[in-house]
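Q: One predicted model, sequence on top.
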Amino acid sequence: FLFFLNRLVDIVFIVDIGVNMCLMYPDPEQPGRYIGDHEAIVRHYLRGWFTLDMVSVLPFEALSLLSESGENFRRLKVLRVLRILRILKLLRIVR
């Protein structure tokens, strides 16, 4: 059950990555103005939260099941701490 719940959360995070690639962001030079150019939005997101977001959706459990040496992937569970950071980011957005 938890495996499928984790995959559902991963899907939500992947959709969120797609949404973030399209969301306007505030112009740091002109308060009250938002940047709407799609290329600028993508560059801004790639330089910002993208790396953390991408690493947080890597399915380490699924990779360990597919690997013959599952032990190597179990060691990568330390990276799952990044999911906590991702959840904190989502909580910050919800507030």
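A: Arrived safely, thanks for sending.

Q: which residues touch stretch 15-31?
A: 33-36, 38, 41-42, 44-45, 49-50, 53-54, 57, 90 (CB atoms under 8 Å, 6 or more residues apart in numbering). Glycine gets a C-beta too; all of them are placed from N, C-alpha and C.

Q: Of those residues, which belong to helices?
A: Within the contacts of stretch 15-31, residues falling in helices by DSSP state H are 38, 41-42, 44-45, 50, 53-54, 90.

Q: what are the ranges of the strands in the chain?
A: Ranges of strands within the chain are 25-26, 34-35, based on DSSP state E.

Q: so what does the last one touch, helix or strand wise?
A: Strand 34-35 sits against strand 25-26, with contacts defined as 3 or more CB pairs under 8 Å, 6 or more residues apart in numbering; DSSP states H and E.

Q: Given the strand it packs on, what are its sheet partners and their directions?
A: Here strand 25-26 has these sheet partners by DSSP bridges: strand 34-35 (antiparallel).

Q: circling back: want to throw the ones in helices among the contacts of stretch 15-31 into a markdown table with neighbour count, pLDDT and distance to residue 3?
A: Formatted as a markdown table, those follow (neighbours: other CB atoms under 10 Å; pLDDT from 0 to 100; distance: CB to CB, whole Å):
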| residue | neighbour count | pLDDT | distance to residue 3 |
| --- | --- | --- | --- |
| 38 | 11 | 96 | 36 |
| 41 | 18 | 97 | 34 |
| 42 | 14 | 96 | 32 |
| 44 | 19 | 96 | 34 |
| 45 | 17 | 95 | 29 |
| 50 | 15 | 90 | 26 |
| 53 | 19 | 82 | 21 |
| 54 | 14 | 84 | 21 |
| 90 | 12 | 69 | 21 |
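
Q: Looking at those, which is nearest residue 12?
A: Proximity of the ones in helices among the contacts of stretch 15-31 to residue 12 (CB to CB) peaks at residue 90, which lies at 9.3 Å.

Q: quick revisit: between the ones in helices among the contacts of stretch 15-31, which is nearest residue 1?
A: residue 90 (22.1 Å).
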